[in-house]
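Student: A predicted structure for the sequence below; I have some questions about it.
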Amino acid sequence: MITEPTRVATHPPIVERVAGWSVRHRVIVVISWLLIVIAAFAVGQHLGTSNTNSYDPGQAGRAERILNEPAVQQPDGEAVLVQGRSAGQTFARDPELRQTVQQVVAALRRLPATAADVQSPFTSAGLVNGQSALVTFNVAGSPSNDDTAVVPALNAVAAIQARHPDLTVAEAGGASVDRTASAQIGQDFRTAAVTSLPVTLVLLLIVFGALIAAGIPLLLAGTAVIAAISLLSIPSRIVPIDGTTSAIVLLVGMAVGIDYSLFYLRRVREERAAGRDTGEALRISAATSGRAIAVSGLTVMISLAGLFLTGIDVFSGVAIGTILVVGVSVLGSLTFLPALLSLLGTATDRGRIPFLGRRRAAARPSRLWGLVVRAVVRHPLALGGLAAVALLALATPLLSLHLENPDLHSFPNSVPVIRTEEAIGQAFPGGPEPAEVVVTGANLSGPGVSKAVTALHAQVAATHGAIREPITTALFGASLPASDQVLVISVPLNGDATNATSVNALNTLDTRVLPATLGKVPGISYAVGGDTASNTDFDAQLDSRTPLVFAFVLGLAFLLLMVSFRSLAIPALSICLNLLSVGAAYGVMTWIFQDGHLQGLLGFSAYGGITPWLPLFMFVLLFGLSMDYHVFILSRIRELRLRGASARTAVTDGITSSAGVVTSAAVIMVAVFSIFASLSEIEFKVFGVAMAVAVLIDATVVRGVLLPAGLALLGDRAWTMPGRPRFRGSERARRGGIGVRSRKSEFDLG
């Protein structure tokens with residue numbers, strides 16, 4: 001029989017003291033929390049999110065910084081495709097096609113505030129290819145306002161298309177694609193926010209069987225997300241914060257906020273069902289679930305902090321946002337949540353769902369998981385080995401993982417501007433964007449640079465198509481001192497900007513052509529920008545920093561778990577299991593999105609690769625989030641060991657008693673992540689599906705089979721440090737283990 005010895009302690013753990021203070025001042029804490037959230041929202045609305053520029057690493061980033069200077073900023077280029085729908089409709093033979101091109105040119109020239117430098121296929125070479133013709137222009141006005149300034153041109157082109165239904169008349173370019181992407185991401189964010197709340201509420205009603213109890217996790221998660229997203233207006237002055245960051249903060253905030261509330265509220269219900277009053281139930285919950293929340297939150301934040309080591313701007317913004325929302329969720333769980341539960345008392349079980357509420361309020365152990373775990377503990381090697389082999393099989397597609405930016409495949413080709421961009425690329429191959437060689441230094445208009453540019457033209461034939469004409473130059477800041485002028489040389493590259501052909505062409509330009517031409521001019525420097533250079537430098541930075549991020553996350557997580565559980569085996573086992581579940585999720589991600597399975601069901605077009613930044617980001621986030629369940633279960637097992645249970649009994653009872661809440665939390669998190677799989681951008685789809693699969697694997701196979709198998713094989717060795725005496729639960733309990741303490745003045749509700 002497991003006893004619950006009394007602990008005499010003059011200084012209870014900090015988590016318990018914080019919760020006790022919050023309970024004693026429950027009205028003040030609840031009101032203060034809500035006022036803080038309102039104040040954060042007001043600050044966010046007042047400051048607004050600043051559009052801090054995000055620059056790529058390497059020389060592409062240096063080029064981008066120069067190109068973003070006011071005197072150098074270049075407007076976005078747009079192209080209008082006029083194309084016959086049949087093979088016989090060629091520009092040379094079809095009068096309607098030529099007439100339509102004239103109408104497009106005339107319409108754009110009537111919009112000087114929108115379209116500048118309009119180029120017609122009648123007067124400019126290279127803008128006609130059989131049945132296709134292009135009219136190109138630059139968006140007029142400030143480059144920072146291109147996505148708005150382009151609207152009149154889009155409307156004019158749409159009107160001409162309506163008059164010529166037998167032809168394709170469509171516009172695409174930097175401004176129109178950016179406008180569509182921003183609108184689509186904004187719509188995706190609103191869809192995720194609106195959809196996640198009712199889905200989560202329904203699942204919480206099923207979990208708790210009562211309306212009040214179901215609303216508490218939503219209240220904590222919702223207020224944490226509102227506060228965190230609002231406060232992002234402050235760091236947005238320093239690092240880039242965009243719609244994608246806000247969407248990820250929403251997702252992570254809802255996930256951890258609901259998880260923490262479930263852990264805490266479920267333990268309070270369990271203690272009440274055992275006959276304890278609200279104050280005692282809250283004290284025990286603070287000492288157990290509260291401690292697990294603190295350890296889990298720290299682990300999540302440490303994992304996310306690893307993103308800073310990448311040295312990539314966009315990762316820094318995401319890291320700040322996610323760390324902020326996790327920190328706010330932990331703070332709310334340790335203060336606002338116990339205060340609110342104390343204020344409500346037994347009213348948390350009001351609004352019960354018929355035929356469900358009474359059974360859920362009892363917070364009984366899971367019978368199903370009890371059967372599974374007992375079987376695993378009896379046969380740990382066989383069942384654990386079988387589960388490990390299954391996860392390794394799921395991870396097999398990871399061996400063929402190919403990292404490649406989606407470019408136009410970010411959105412489905414059902415989006416009109418994406419379909420037009422692809423049609424332009426097919427009709428006029430040569431890459432959507434040229435490499436931009438940004439040259440700075442003295443005397444850029446002098447004979448030395450002019451000679452080098454001439455030599456650059458001469459290199460085209462020697463590269464055998466890697467670079468091509470037309471190579472163009474533009475001098476910016478002609479009225480400025482010579483040292484402040486910038487020369488931009490546009491060099492078209494072979495390929496589609498993201499494939500291996502483009503990367504090889506860039507390498508030829510960077511290692512052979514430029515050193516032999518501009519590299520021989522003294523007093524100048526250059527950096528290569530453009531889509532291909534940006535992607536290449538980004539990937540190179542990611543490759544070089546990924547081992548450092550892995551080492552940082554795994555090392556600090558190991559130390560934190562070692563200190564928390566006073567064991568070397570527990571953190572080692574935890575890391576191995578997390579890596580196994582992450583690998584399985586990566587394998588499923590590769591099988592679906594790289595290999596092209598389930599395209600019709602999920603609504604995407606496979607392009608043979610995975611966005612390079614996703615695997616690293618998902619590793620960091622998955623490793624952190626999986627610790628929610630892991631720390632919670634391990635804490636429950638450790639609690640039973642401290643009370644004197646044997647190693648196997650503690651494993652069986654600990655997992656069985658916590659399996660219900662872990663399964664419930666996992667179902668909710670899987671549902672929220674699955675919502676992202678329904679959004680339009682492929683990065684969101686990959687992220688949502690992979691995270692949902694990982695959480696599902698983590699909460700079932702890993703925590704229900706592999707964890708008990710590993711702990712059963714380790715036995716008492718799991719809970720000891722090398723060189724220390726074997727773990728003896730009853731003795732540890734007498735020396736200060738977690739138990740029921742007679743003194744409860746800190747949680748006195750009188």
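Tutor: That came in fine, so what should we check first? Numbering: from 1, shown residues only.
Student: Would you mind listing the residues in contact with M627?
Tutor: V295, S296, T299, V300, S303, A557, S574, N578 (Cβ atoms under 8 Å, 6 or more residues apart in numbering). For the C-beta atoms, the positions are set from N, CA and C on the backbone; glycine is no exception.
Student: hmm, 6 Å instead?
Tutor: Neighbour list for M627: S296, T299 [criterion: Cβ atoms under 6 Å, 6 or more residues apart in numbering].
Student: which SSE is it in?
Tutor: Assigned by DSSP states H and E, M627 falls within helix 613-642.
Student: Quick one: mean pLDDT for that helix?
Tutor: Over the span of helix 613-642, the pLDDT mean works out to 85.
Student: So for the next helix or strand after that helix, what gets flagged as buried?
Tutor: Counting by DSSP H and E, the next helix or strand C-terminal to helix 613-642 is helix 647-677. By neighbour count with 16 or more other Cβ atoms under 10 Å, helix 647-677 contains the buried residues 647-648, 650-677.
Student: Can you check what angle separates helix 647-677 from helix 613-642?
Tutor: 150 degrees (axes from the mean of the first three to the mean of the last three Cα atoms, to 10 degrees).
Student: Heading C-terminal from helix 647-677, find the next helix or strand.
Tutor: Assignment by DSSP H and E places the next element after helix 647-677 at helix 682-697.
Student: what does the helix or strand hosting V330 rub up against?
Tutor: Under the criterion of DSSP H and E, V330 resides in helix 313-334. Applying Cβ under 6 Å, 6+ apart, the external contacts of helix 313-334 come out as 18, 54-55, 220, 224, 227-228, 232, 235, 239-241, 245, 248-249, 252-253, 256-257, 260, 290, 293, 297, 300-301, 304, 307-308.
Student: now stretch 46-60
Tutor: Residues from elsewhere that reach stretch 46-60, judged by Cβ under 6 Å, 6+ apart: 61, 64-65, 68, 233, 236-237, 240-241, 313-314, 527-529, 533-534, 537-538, 541.
Student: what about the spatially most central residue of the chain, is that helix, strand or coil?
Tutor: Nearest to the geometric centre of the chain sits I248, at 5.2 Å (Cα atoms, centre = their mean). Secondary structure, DSSP: H, G, I helix; E, B strand; the rest coil: I248 is helix.
Student: if I pick it, what's in contact with it?
Tutor: Neighbouring residues of I248 by Cβ under 6 Å, 6+ apart: V318.
Student: show me where the stretch 151-300 of the chain has strands.
Tutor: Assignment of strands within the stretch 151-300 of the chain using DSSP state E, counting those that start in this stretch yields the ranges 167-173.
Student: where exactly do the helices run in it?
Tutor: Using DSSP state H, counting those that start in this stretch, the helices of the stretch 151-300 of the chain run over 151-163, 174-208, 211-231, 243-273, 278-285, 291-305.
Student: now swap in the stretch 301-450 of the chain and tell me
Tutor: 313-334, 336-344, 357-361, 367-378, 380-395, 416-427, 447-462.
Student: Show me what the second one is in contact with.
Tutor: What it means is helix 336-344. Applying Cβ under 6 Å, 6+ apart, the contact partners of helix 336-344 are A19, S22, V23, R26, V29, V30, W33, L220, Y264, V268, L282.
Student: Now render those as CSV, adding distance to E469.
Tutor: Formatted as CSV, those follow (distance: Cβ to Cβ, whole Å):
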residue, distance to E469
A19, 71
S22, 71
V23, 75
R26, 75
V29, 70
V30, 70
W33, 64
L220, 61
Y264, 67
V268, 73
L282, 75
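Student: Could you list the low-pLDDT ranges of this protein?
Tutor: 1-11, 70, 355-364, 429-433, 478-479, 482, 496, 723-750 (pLDDT under 70).
Student: Can you name the residues that contact V376?
Tutor: Taking Cβ under 6 Å, 6+ apart, one finds L383, V705, P708, A709 in contact with V376.
Student: measure it to A709 for me?
Tutor: Computed as Cβ to Cβ, to the nearest Å, the V376 to A709 distance reads 5 Å.
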